[in-house]
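> heads up, no residue letters with this:
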């Protein structure tokens, strides 16, 4: 009889956040397929688990999958884990799981910690429905498509970002959807965990000073008003334009597009109004 492929969620930071069932599975399987065996070794050592582990990451998954499927067919069970959270969710494992399905292998989920659900739970934003977008791509074309998709969404959106890319990402989000409420969750469940709430424009400067992966929760469309005030004259528009470019560090063109989106006017109309308003400030 073939073995079982267990897809095991592991702690996203605090090693105490693991279920008793997950620990039992990690002890009982013949092999642990880990995204990074060095990271997983800390968890195994904490709970005195001596099950052997092998690496399974984005660069070797296709090659390693055949070996793992062969062992599963021989009756050995395997646990698939990522560095943190649930495998496949912005982590490796999808190819192995698809291959196991095709081979008729039993696959069993072992649920547990999730940065997405943890951030959503403490965000204070609507959580009954939401969209998860993973990491914004790095390549320009894919990245542009990602932001186009974001700008077309309504409701609560959750995504991840690396600390060295958070500032340009927030600048682009601001340009695409306006100055909306956002929650930045850094180092969730770890000793230096921080949660910061506010409009996007006020987050951009402080976000660039952080370290550690971030989980971002954004509200698009649930709020009835933008975070920034709604100016009714050219002077106020010019003042808001200055605030956006200074706090958000946006180019003039992006700032004009943000104001146009917020106030339901064409960019060229906003540009002319700002130019008139500057003479009055």
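Happy to help now that I have it. What you see is a predicted model; the values in this text were computed from it and never measured. Residues are numbered from 1 along each chain as shown.

> which parts of whichever strand or helix holds residue 67 are buried?
Secondary structure from DSSP states H and E places residue 67 in helix 61-73. Of the residues in helix 61-73, 61, 64-65, 68-69, 71-72 count as buried by neighbour count, 16 or more other Cβ atoms under 10 Å. (C-beta placed from N, C-alpha, C; glycine too.)

> And stretch 163-171, by the same measure?
For stretch 163-171, the buried set under the neighbour-count rule, 16+ other Cβ under 10 Å, comprises 163, 166-167, 169-171.

> Could you do stretch 183-190 as well?
Buried residues in stretch 183-190 (16+ other Cβ under 10 Å): 183-189.

> wait, which of the buried residues of helix 61-73 is closest to residue 25?
Lowest distance from residue 25 to those (Cβ to Cβ) belongs to residue 72, with 14.4 Å.

> Provide a list of residues in contact with the closest one.
2-5, 78, 100, 103, 105 (Cβ atoms under 8 Å, 6 or more residues apart in numbering).

> Now with 7 Å, please.
Residue 72 makes contacts with 2-3, 5, 78, 100, 105, as judged by Cβ atoms under 7 Å, 6 or more residues apart in numbering.

> I'd like these as CSV, with secondary structure, pLDDT and neighbour count appended.
CSV is the format used below for these (DSSP: H, G, I helix; E, B strand; the rest coil; pLDDT from 0 to 100; neighbours: other Cβ atoms under 10 Å):
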residue, secondary structure, pLDDT, neighbour count
2, coil, 93, 17
3, coil, 97, 19
5, strand, 98, 26
78, strand, 98, 23
100, helix, 97, 23
105, coil, 97, 20
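
> Give the helix, strand or coil label for residue 212.
Assigned by DSSP: H, G, I helix; E, B strand; the rest coil, the conformation of residue 212 is coil.

> And for it, the neighbour number?
14 (other Cβ atoms under 10 Å).

> quick one: it from residue 17, how far?
Using Cβ to Cβ, to the nearest Å, we find residue 212 at a distance of 16 Å from residue 17.

> and if you look at residue 63?
For residue 63, the distance to residue 17 equals 32 Å [Cβ to Cβ].

> Closest one of the contacts of residue 72 to residue 123?
residue 5 (33.0 Å).

> contact partners of stretch 3-16?
Contacts for stretch 3-16 (Cβ under 7 Å, 6+ apart): 17-18, 22, 25-26, 29, 43, 46, 72, 75-81, 84-87, 93, 97, 100, 105-115, 187-190.

> Quick check: buried residues in that stretch?
Counting neighbours by 16+ other Cβ under 10 Å, one finds that the buried residues in stretch 3-16 are 3-13.

> Repeat that for stretch 23-37.
For stretch 23-37, the neighbour count (16+ other Cβ under 10 Å) marks 23, 25-26, 29, 31-35, 37 as buried.

> for stretch 118-126, same thing?
For stretch 118-126, by 16+ other Cβ under 10 Å, it's 118-120, 123, 125.

> So which of the residues you listed sit within helices?
Of the buried residues of stretch 118-126, the ones assigned to helices by DSSP state H are 118-120, 123.

> what's the closest non-adjacent residue to residue 243?
The spatial neighbour of residue 243 that comes closest, neighbours along the chain excluded (Cβ to Cβ, 6 or more residues apart in numbering), is residue 201 at 7.2 Å.

> now the one you found: how far from residue 263?
Note on residue 201: its distance to residue 263, by Cβ to Cβ, is 15 Å.

> Compare the two (neighbour count), which wins?
Neighbours were counted for residue 201 and for residue 263 using other Cβ under 10 Å; residue 201 has more, 27 against 18.

> That one: which element?
Judged by DSSP H and E, residue 201 forms part of helix 200-207.

> Enumerate the positions of that helix that are buried.
Judged by neighbour count using 16+ other Cβ under 10 Å, the buried positions of helix 200-207 are 200-204, 207.

> These: which two are farthest apart?
201 and 207 (11.1 Å).

> so where's the protein shaky on pLDDT?
Applying pLDDT under 70 to the chain flags the ranges 208-210, 222-232, 247-249.

> ok, back up a step: just put the buried residues of helix 200-207 in a markdown table and tack on distance to residue 55.
Conversion of the buried residues of helix 200-207 to a markdown table gives the following (distance: Cβ to Cβ, whole Å):
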| residue | distance to residue 55 |
| --- | --- |
| 200 | 38 |
| 201 | 42 |
| 202 | 41 |
| 203 | 36 |
| 204 | 37 |
| 207 | 32 |
